[in-house]
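Trainee: coords below, sequence missing:
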């Protein structure tokens with residue numbers, strides 16, 4: 001009675017091990033391939049566009065801060081001259 005149970009556990013472990021190794025290999029292939037599904041590419045494109053918009057917005061904000069600093073420094077300079 002114990003022998004069939006031990007054999008079932010042994011073969012079950014082999015099947016489980018094969019499934020784990022196979023899924024690991026498939027995941028590695030997908031990672032190396034880069035997930036080139038159309039949905040993945042579309043999401044990547046959207047993320048890239050959002051990052052570019054954020055970068056452009058920050059560049060414009062930097063220009064505004066520089067302009068405001070210049071205005072404030074000129075006002076302070078005029079006050080000291082008076």
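Mentor: Arrived safely. What you see is a predicted model; the values in this text were computed from it and never measured. Residues are numbered from 1 along each chain as shown.
Trainee: counting neighbours, what do you get for residue 11?
Mentor: 10 (other Cβ atoms under 10 Å). Placement of C-beta: from N, CA and C, glycine included.
Trainee: could you report the separation of it from residue 55?
Mentor: Relative to residue 55, residue 11 is positioned 56 Å away (Cβ to Cβ, to the nearest Å).
Trainee: again with residue 62
Mentor: 11 Å.
Trainee: which other helices and strands contact whatever helix or strand residue 74 lives in?
Mentor: Element membership for residue 74, per DSSP states H and E: helix 38-81. Counting contacts by 3 or more Cβ pairs under 8 Å, 6 or more residues apart in numbering; DSSP states H and E, helix 38-81 is packed against no other helix or strand.
Trainee: ok, residue 51 - contacts?
Mentor: Not one residue lies near residue 51 by Cβ atoms under 8 Å, 6 or more residues apart in numbering.
Trainee: what confidence value was assigned to residue 63?
Mentor: For residue 63, the model assigns a pLDDT of 93.
Trainee: how about the contacts made by it?
Mentor: By Cβ under 8 Å, 6+ apart, residue 63 has no neighbours at all.
Trainee: gap between it and residue 8?
Mentor: 72 Å.
Trainee: please state the offset of the helix or strand bottoming out on mean pLDDT in the chain from the chain centre?
Mentor: Every helix and strand of the chain was ranked by mean pLDDT, DSSP states H and E. The lowest is helix 2-33, at a mean of 86. Distance, stretch centre to chain centre, for helix 2-33: 30 Å (Cα atoms, centre = their mean, to the nearest Å).
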